[in-house]
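>>> Turn this into a structure:
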Amino acid sequence: MKEAGSIESETVAEALEVTVEPVEQALGRVGTPKESEATSQVFYFWAPEDRLVEKTQLVHAVSGIGDQLVHFYGLVSEVFRRSRRGSMLEEADRFDGRPDESIHVQSRGVTYAQVRVLAAEPNFFTPPREESLVYPAIEEHARRAYGVDRMGKPLCIGMIRNGGDQVAGQAFIDLDYLLGTLGGHMNVGGIAGVGTKSSFLTIALSQILRWCDDYAALYPSDPDHPQVKGVILNVKGFDLFWLDHWSTEFTVEDREMWQTMGVNEPRPLSCDFHAPQEPGTDNARDVGRPGVQPYSWTLEDVLLTDLFEYIFAEGDREDDNFALLVADVQRILVREWRDDSGIRRRQLNKEAPRTFDELFKWFEDGLGDNPDTNFLRLLRGQHHPGTLRRFFRRLRRVVYESSGIFRIDVGPSHPLDLNDFKVGSATVVDIASLPDNHLQRFVVAALLKQAKDLQTSGKVVRGMHYLFLLDELNRFAPRGNTDPITKLLEEVAGELRSRGVILVGAQQQASLVSARVVENSSIRVLGRTGGHELDASVYSFLPQEMRDYVQKLDSPDKVVFQPSFREPMNVRVPRAPWAMRRAESSLQPPPMMEGATAPASQLSPARVPRKRAP
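Numbering: from 1, shown residues only. You can find the predicted model right below:
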């Protein structure tokens, strides 16, 4: 007896004729070029002269294997043309060595393509049989190829490339691999300028925020509905301070692409903006636009939020004696305990200095000749005077050169507080104007540490996710570094995705970034990338056939990989409707968007920042 659902071998050919009702003419038939046999990952097909086959084109083949019909979905990774002549000498002899000679009988070579298998239904790891028909893939096939119907939370990030200028429907990633359910984090690489990393990061954030809004509207009673606070770190110029403005380069074609992605009326982002506080004032640094809020910390702010160790550069922290002194200073200044609910509490000791100025005077007195000072009693007996002086010099230099983010004496401070950041919105924090790379790293660490503490405390907001958009990751988590800030980023990447602390990072060269940060990113995205960089082991997920292609990507194109894909996806990303730099920014929408409302951050005044006096 036949098993239920099986097809007798003699009816396979008939079933193929019935099942494959081609929407278009067949592209060709599966074949096996000499020494290029088909495998479970790769197969080949030849095409007739009147069919166009392109690299990055999606194809669909159906093959009878035993008593099963197997649907294969694949990506053309290369197209070849072969003459019937055995050598170039025969080609030249045919024209008697004269290229302008005319021959009435055509050579009639053959075009054939290499295809990387994206999926098979049923999920068989076997190649299609020779002479199986191959057809152009349609949108339904593209969805099956990348398992869209099996995604828990599909998120559209663009359109699937299908050859030179064609697309095959919406390109989806699975939010379960980004927001912590099955994995976490996203890493984007690409050459500066043409890689358009920042643009892609903001588009991804916009789509995530929109998805969360749609989910909340569909399931209003779900107590665990996903919530997102987007934190965008501005690491170069002030380009990201115009995300709430329209882009003058946004075109009708761009709008149509967004509409194809399911966004009928694309808009600029709604954002709040923060910049370092100017020394001696209560104002934010001038970034060329109004409504920017200042940020800064007093010594008390730093100590109570456990940020003191991040003030010092990685070179200092690598010295064990110096690191021990930093820990001892904190122990003397701060009392730490856990309350009855298990939440960690910190409080400054009664006689501890509250300002950096008081701490400097404390050190100056202790380093003097007065043997009765509290400083000498607590520290001088345990640490060499040279280490104490070095600590004092380093701390004073960092604070004096901090461009105002460390308040030296009494005065209002504005520490960045994630509790004040809006849910369902983006907050841009400038660090590019800070003169020292270590000060930039401090601000990043302050935000990540706060998110870690919020998400691991006893007062976690259900469904909350903190998404940190951070470019130039090689500055903040360099490969081989072991300083506290690098370790914090590695902890976020390796352990905190299930807690809702998500890193959406980018860099020009992933080979220069901590391997733990990059390898723990479930979703990898590549814009145009140099060949030398692509030779690094961190790109082992990328098939060799695609590496030349990645080196020549246009700015709108990306290669995207997540664990559920057999092979990376080629994606065309739309231009953002918001401005990515001041030169293209406008408060007025483009002509085809007239009547569109402006984001809230344009229409309403910036909220008054909370002030905190020591």
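>>> is it fair to say residue 364 lies in a strand?
No: according to DSSP: H, G, I helix; E, B strand; the rest coil, residue 364 belongs to no strand; its state is helix.
>>> For the closest residue to it other than its chain neighbours, pull up the helix or strand it's in.
Of all residues not flanking residue 364 in the chain, residue 392 sits nearest, at 7.9 Å (Cβ to Cβ, 6 or more residues apart in numbering). For glycine as for every other residue, the C-beta is placed from the backbone atoms N, C-alpha and C. Assigned by DSSP states H and E, residue 392 belongs to helix 385-400.
>>> Report the buried residues of that helix.
Judged by neighbour count (16 or more other Cβ atoms under 10 Å), helix 385-400 contains these buried residues: 387-388, 390-392, 394-396, 398-399.
>>> And stretch 552-564, by the same measure?
Under the neighbour-count criterion of 16+ other Cβ under 10 Å, stretch 552-564 has 553, 555-562, 564 buried.
>>> same deal with stretch 306-318?
Going by neighbour count (16+ other Cβ under 10 Å), the buried part of stretch 306-318 is 306-313, 316-317.
>>> coming back round to it: tell me who's in contact with the residue nearest to residue 364.
360, 363-364, 367 (Cβ atoms under 8 Å, 6 or more residues apart in numbering).
>>> Please repeat the previous calculation with a cut-off of 10 Å.
Residue 392 makes contacts with 359-360, 362-364, 366-367, as judged by Cβ atoms under 10 Å, 6 or more residues apart in numbering.
>>> got it, and residue 115?
30, 38, 41-45, 53, 57-59, 61, 72-78, 127-128, 134.
>>> again, only this time at 8 Å
Shown in contact with residue 115 (Cβ under 8 Å, 6+ apart): 42-45, 59, 74-77, 134.
>>> Pull the distance from stretch 498-506 to the chain's centre.
9 Å (Cα atoms, centre = their mean, to the nearest Å).
>>> tell me which residues of that stretch are tucked away?
In stretch 498-506, counting by 16+ other Cβ under 10 Å, buried: 499-506.
>>> Let's see which of those residues end up in strands.
501-506 (DSSP state E).
>>> want to throw these into TSV with distance to residue 156 and pLDDT?
Output for these, formatted as TSV (distance: Cβ to Cβ, whole Å; pLDDT from 0 to 100):
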residue	distance to residue 156	pLDDT
501	24	96
502	19	96
503	22	97
504	16	96
505	21	95
506	20	95
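>>> Looking at these, which is nearest residue 415?
Among these, residue 501 lies closest to residue 415 (Cβ to Cβ), at 18.6 Å.
>>> That closest one and residue 101: what is the separation?
71 Å (Cβ to Cβ, to the nearest Å).
>>> Repeat that for residue 25.
Residue 25 sits 35 Å away from residue 101, going by Cβ to Cβ.
>>> Comparing those two, which residue is more hemmed in?
Higher neighbour count among residue 25 and residue 101: residue 25, with 12 against 9, using other Cβ atoms under 10 Å.
>>> these two touch, right, that one and residue 51?
Yes: Residue 25 is within contact range of residue 51, at 7.2 Å (criterion: Cβ atoms under 8 Å).
>>> mind giving me the domain ranges of the chain?
The record's domain parsing of the chain by automatic domain parsing lists 9-145, 189-295+413-508+573-603, 299-400.
>>> What ranges in the protein fall below the confidence cut-off?
Where the chain drops to pLDDT under 70, the residues are 1-24, 104-107, 195, 316-318, 341-342, 368-378, 380-381, 410, 458, 594-614.
>>> Relative to its centre, which residue of it is most distant?
residue 96 (57.8 Å; Cα atoms, centre = their mean).
>>> isn't there a helix covering that one?
No: Residue 96: not assigned to a helix; according to three-state DSSP it is coil.
>>> Just the endpoints, please. Distance across stretch 170-185?
Using Cα to Cα, to the nearest Å, one end of stretch 170-185 lies 21 Å from the other.
>>> Quick one: the buried residues of stretch 306-318 as a markdown table, columns for distance to residue 409 too.
Listed next are the buried residues of stretch 306-318 as a markdown table, based on distance: Cβ to Cβ, whole Å:
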| residue | distance to residue 409 |
| --- | --- |
| 306 | 22 |
| 307 | 19 |
| 308 | 18 |
| 309 | 23 |
| 310 | 21 |
| 311 | 17 |
| 312 | 21 |
| 313 | 24 |
| 316 | 24 |
| 317 | 27 |
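>>> Make CSV from the residues you listed and add secondary structure to it.
Converted to CSV, these look like this (three-state DSSP):
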residue, secondary structure
306, coil
307, coil
308, helix
309, helix
310, helix
311, helix
312, coil
313, coil
316, helix
317, helix
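>>> just so I have it, where are all the helices in the stretch 501-614 of the chain?
Assigned by DSSP state H, counting those that start in this stretch, the stretch 501-614 of the chain shows helices spanning 515-519, 531-534, 544-550, 600-603.
>>> quick one: contacts of the longest one?
The reference is to helix 544-550. Helix 544-550 is contacted by residues 55-56, 77-78, 114, 116, 526, 528-529, 531, 534, 539, 542, 559, 568 when judged by Cβ under 8 Å, 6+ apart.
>>> Just list the residues touching residue 408, thanks.
Counting by Cβ under 8 Å, 6+ apart, residue 408 touches 355-357, 399-400.
>>> Then residue 430?
234, 238, 241, 273-276, 285, 287.
>>> Just the buried ones from the contacts of residue 392?
For those, buried by 16+ other Cβ under 10 Å: 359-360, 362-363, 366-367.
>>> Switch the residues you listed over to TSV; also include distance to residue 156.
Converted to TSV, the buried ones among the contacts of residue 392 look like this (distance: Cβ to Cβ, whole Å):
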residue	distance to residue 156
359	52
360	54
362	57
363	56
366	61
367	61
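>>> The stretch 401-550 of the chain: strands as residue ranges?
425-430, 464-470, 501-507, 523-526 (DSSP state E, counting those that start in this stretch).
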